[in-house]
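> Next comes the sequence, and after it the predicted model I'd like to discuss.
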Amino acid sequence: MSLIDQYKSPARPIKHLYHLAVVQKYAFYIFPLVIFLSACGRKETKKESPEFAKEIPDYTGNRSNTLQSAIKMTDITNESGIAFTHVTGAFGEKWMPETVGSGGGFFDYDGDGLSDIFLVNSKDWDGHPTGNKTATSKLYRNLGNGKFEDISDKAGINFSMYGMGCSFADFDADGDMDIYLTAVGDNKLLRNDSGKYTEVTQQYKTSGNDPLADHPSWSTGAAWVDVDRDGWLDLFVANYVKWTPETDIYITRDGKNKSYATPDVYKGESCRLYKNLKGKGFDDITQKAGVLNNEGKSLGVAIEDFNSDGWPDIVVSNDTQPNFLYINNGDGTFTDKARAAGIGYDENGRARAGMGIDVADIGNNNQLAIAIGNFSQEPISLYTQTGFGELFQDRAGATRLSRPSLLQLTFGLRFCDFDLDGYLDLITANGHIEPQINEIQKDITFEQTPQVFYNSDGKFIDVSKEAGEVFQQAIVGRGIATSDFDRDGDLDVLLTVNGGSPKLLRNDSEGKKNFIGIQLKGKYPNMQAIGARIIAFSGSIKQDRMVRTGSSYLSQSDLNTTIFGLGKNMQADSVKIIWPTTGKMEKLEKLNANQFYISEE
């Protein structure tokens, strides 16, 4: 049986047995063993009254201060077959959307267990041709040998739009991955019909627009999330500002030439929330759910359960406006607690220029941190829980992030354990919005180098100079997504570039440590188990992750497998899985290192 067949074949539920799958080996990589883990006959929990584990594990181990970073990334874009250039449509008038896009990400398009790549493109403006009017987004299929094949036409990705971001999920529960694309103008919902995408935006009523407005919205980030825990994935769409070519405002930085505008000169536009009607359509519940807010100028969205009540919450980064922290009330509504929680503003009471966003437990101590990329001369924000619940403090300075991120304009950012030591590092995509900024501010450039920060006992050390040549190359960075696309047990990176070519970075970190990979197979209709928690215990370290979409900037990381670094430990002592719809918890014991495991609900 081939690798693709093994991934599609369900494991037979036999008590207390691990099901071994014969894994097809490629000549250039030795794949770690894939092991199927089946449920052990536990009593089902009724969905109407789910029970969630309330215990807080006593695993808060610290690392030795002698550990040194060995993070190394290699740019393999050219040899991989990725040949893509992002088109901005810029024709000299400096229309605001030209400098904001675009995104991309990893997802398993064809269900073969390998992460494919999607890249979002924009196009020329109507009436202002620059020769790129037919620019389209691209889908690259992973061939499993370090190479990718452009299958965009075959898959039906052959249309032009002024695209921004993307998010992937199986919204109709038919077993394959669908795509949601955000844009300046109508967004697109693409349904995967046996490998060919069909646009169903109008049929499913998910354009992202305000139904009362006389113009389409400018949408940015998006996330699939089961807000009511009925098993069907709902859709949250971030909207930015009310801009159209007809309402473009002239601004200048030097008093002589037009500059790209910042959002403070435009009115904001509310995010939208769509309830999934069992895969047959969507209902706009924005107002009913309590997330209607035209003061937002939203760019990034991340999902987490901040108060550990089992219901997914939504955090939104806003540009020059207070951020949102939508706490799920468990009854179909949300309450914005950002200001009371301390994440709405910076420590001086000012709203920063929030771009990309991500959430993680960076200290493995049950305290979540929200990282937000900001404008140049505004360091990265790192709002960290001060206790258990909804109170945060910006600890960017205390974790040494402020100084090295001060001059950068950070769009995408992502927490990721690159060296598999069990602690999440941080990678950022940087680049200004104004090509002539250096003529006005001599210490700031338009093209900027990406950065990678090594997590050393909760302190982030900038190791970019030692991490590879790509971190010495200035680009106009935007989105970041991660995936173990080569199935060697560590996470690789896709970095998107505004007006340029993306970077595919293979993780070649030196002295890499041990890992386990966990893939979840949930019950119908949430078969990807989006919203599930996976908690891995190894030695003195506890790692807690949620399977979720969103995060970063206009981009999405792979959902297929969650990678846990084990450091020098040769096993995960135990792994707890809390399934998203029922809240049922399962526990797996003594998982050997350097193997992939598949667990079925």
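Okay, I see it. Source: prediction; values computed, not measured. Numbers count the residues shown, from 1 in each chain.

> In the stretch 201-350 of the chain, where is pLDDT below threshold?
Nowhere does the stretch 201-350 of the chain drop to pLDDT under 70.

> all strands for it, in order.
Here the stretch 201-350 of the chain has its strands, by DSSP state E, counting those that start in this stretch, at 219-225, 234-239, 272-276, 282-284, 298-304, 313-318, 324-328, 334-336.

> Put together TSV for the ones you listed, with distance to Y180 and mean neighbour count on each row.
Any C-beta I mention is one placed from the backbone N, CA and C, and that applies to glycine too. Below are the strands of the stretch 201-350 of the chain laid out as TSV (distance: least, CB to CB, whole Å; neighbours: other CB atoms under 10 Å):
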stretch	distance to Y180	mean neighbour count
strand 219-225	5	29
strand 234-239	6	27
strand 272-276	10	24
strand 282-284	11	18
strand 298-304	12	27
strand 313-318	16	28
strand 324-328	19	25
strand 334-336	20	18
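
> okay, these in JSON lines with distance to T449 next?
Formatted as JSON lines, these follow (distance: least, CB to CB, whole Å):
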{"stretch": "strand 219-225", "distance to T449": "24"}
{"stretch": "strand 234-239", "distance to T449": "27"}
{"stretch": "strand 272-276", "distance to T449": "35"}
{"stretch": "strand 282-284", "distance to T449": "41"}
{"stretch": "strand 298-304", "distance to T449": "21"}
{"stretch": "strand 313-318", "distance to T449": "22"}
{"stretch": "strand 324-328", "distance to T449": "31"}
{"stretch": "strand 334-336", "distance to T449": "35"}
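
> Out of those, which is closest to M73?
strand 298-304 (22.9 Å; CB to CB).

> Run through who's touching the closest one.
Defining contact as CB atoms under 8 Å, 6 or more residues apart in numbering, one finds that strand 298-304 is touched by 220-223, 225, 236, 238-240, 268, 271, 312-319, 324, 354-359, 368, 370, 372-373, 531, 546, 548-554.

> residues in contact with N142?
D112, L114, S115, D116, I117, F148, F485 are the contacts of N142 under CB under 8 Å, 6+ apart.

> 10 Å instead?
By CB atoms under 10 Å, 6 or more residues apart in numbering, the residues touching N142 are 80, 106, 108-110, 112-117, 148-149, 483, 485-487.

> filter these to the buried ones?
Among the contacts of N142, those classed as buried by 16 or more other CB atoms under 10 Å are 80, 106, 108-110, 112-117, 148, 483, 485-487.

> Please verify my assumption that L420 contacts F564.
Yes. L420 is within contact range of F564, at 8.4 Å (criterion: CB atoms under 10 Å).

> Overlap of the contact sets of the two?
With CB under 10 Å, 6+ apart as the test, L420 and F564 both reach N514, F515, I516, A593.

> and D248, how many residues sit next to it?
Neighbours of D248 under the rule other CB atoms under 10 Å: 17.

> Excluding covalently adjacent residues, which one is nearest to it?
Leaving aside its chain neighbours, D248 sits nearest to W95 (5.8 Å; criterion: CB to CB, 6 or more residues apart in numbering).

> Equivalent analysis for I117, please.
Y140 (4.3 Å).

> ok, what's across the strand from that neighbour?
When assigned by DSSP bridges, Y140 has beta-bridge partners I117, D150.

> What distance do you get for it to G281?
31 Å (CB to CB, to the nearest Å).

> Those two: which is more packed in?
Y140 (23 against 14).

> The more buried one reaches D110, doesn't it?
No. Y140 is beyond contact range of D110, at 11.8 Å (criterion: CB under 10 Å).

> overlap in contacts of those two?
Jointly contacting Y140 and D110 under the rule CB under 10 Å, 6+ apart are D116, I151.

> Would you mind measuring from the most far-flung residue of the chain relative to its centre to Q436?
Here the centre of the chain is the reference, and by CA atoms, centre = their mean the most remote residue is K256, at 39.1 Å. Separation of K256 from Q436 (CB to CB): 10 Å.

> who touches both of the two?
Contact with both K256 and Q436 is made by no residue, according to CB under 10 Å, 6+ apart.

> partners of the helix or strand harbouring L588 in the sheet?
In the assignment (DSSP states H and E), L588 maps to strand 585-592. Its sheet considered, strand 585-592 pairs with strand 571-578 (antiparallel) by DSSP bridges.

> Relative to the whole chain's centre, how far out is the partner strand?
Centre-to-centre, strand 571-578 and its host chain are 24 Å apart (CA atoms, centre = their mean, to the nearest Å).

> Equivalent analysis for stretch 386-398, please.
22 Å.

> okay, how far is it across it, tip to tip?
13 Å (CA to CA, to the nearest Å).

> mean confidence score for it?
Averaged over stretch 386-398, pLDDT sits at 86.

> just the strands in the stretch 51-200 of the chain please.
Secondary structure of the stretch 51-200 of the chain (DSSP E, counting those that start in this stretch): strands located at 73-75, 104-107, 116-119, 138-142, 148-150, 163-169, 178-183, 188-193, 196-199.

> Assign F471 to helix, strand or coil.
Put simply, F471 is helix when judged by DSSP: H, G, I helix; E, B strand; the rest coil.

> residue contacts, it?
By CB under 10 Å, 6+ apart, the neighbours of F471 are 71, 73, 75, 427, 449-452, 462-465, 505.

> how about a cut-off of 7 Å?
Going by CB atoms under 7 Å, 6 or more residues apart in numbering, F471 touches T449, P450, Q451, V452, S464, K465.

> Which of those has the largest number of neighbours?
P450 (30 neighbours).

> wouldn't that one be in contact with A429 here?
Yes. The pair P450 / A429 is scored as a contact, 5.4 Å apart, by CB atoms under 7 Å.

> and stretch 406-415, C-alpha only, in PDB?
Presented in PDB, the C-alpha positions along stretch 406-415 are these (Å, rounded to 0.1, in the frame of the first residue of the first chain):
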ATOM      1  CA  LEU A 406      12.200  48.800  16.500                       C
ATOM      2  CA  LEU A 407      13.200  50.000  13.000                       C
ATOM      3  CA  GLN A 408      11.600  47.100  11.100                       C
ATOM      4  CA  LEU A 409       8.000  47.300   9.700                       C
ATOM      5  CA  THR A 410       6.900  43.800  10.600                       C
ATOM      6  CA  PHE A 411       4.000  42.200   8.700                       C
ATOM      7  CA  GLY A 412       4.000  38.500   9.000                       C
ATOM      8  CA  LEU A 413       5.300  36.700  12.100                       C
ATOM      9  CA  ARG A 414       5.000  33.100  13.300                       C
ATOM     10  CA  PHE A 415       6.000  31.200  16.400                       C
END
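
> N78: neighbouring residues, count only.
Close neighbours of N78, defined as other CB under 10 Å, add up to 10.

> again with F375
Residues lying near F375 (other CB under 10 Å) number 18.

> got a list of what it touches?
So F375 contacts R352, A353, L409 (CB under 7 Å, 6+ apart).

> again, but for P245
Counted by CB under 7 Å, 6+ apart, P245 has contacts W95, W125.

> Could you tell me the end-to-end distance of stretch 558-573?
From its first residue to its last, stretch 558-573 covers 25 Å (CA to CA).

> Show me which residues of it are buried.
Applying 16+ other CB under 10 Å to stretch 558-573 flags 558-567, 569, 571-573 as buried.

> Do me a favour and average the pLDDT over it.
Stretch 558-573 shows a mean pLDDT of 95.

> Work out the gap between it and the centre of the chain.
Between the centre of stretch 558-573 and the centre of its chain there are 19 Å (CA atoms, centre = their mean).

> what sits up against it?
Contacts for stretch 558-573 (CB under 7 Å, 6+ apart): 106-108, 115, 417, 420-422, 482-484, 489, 491, 513-519, 528, 530, 534, 536-539, 543, 545, 547, 549, 590-593, 596.
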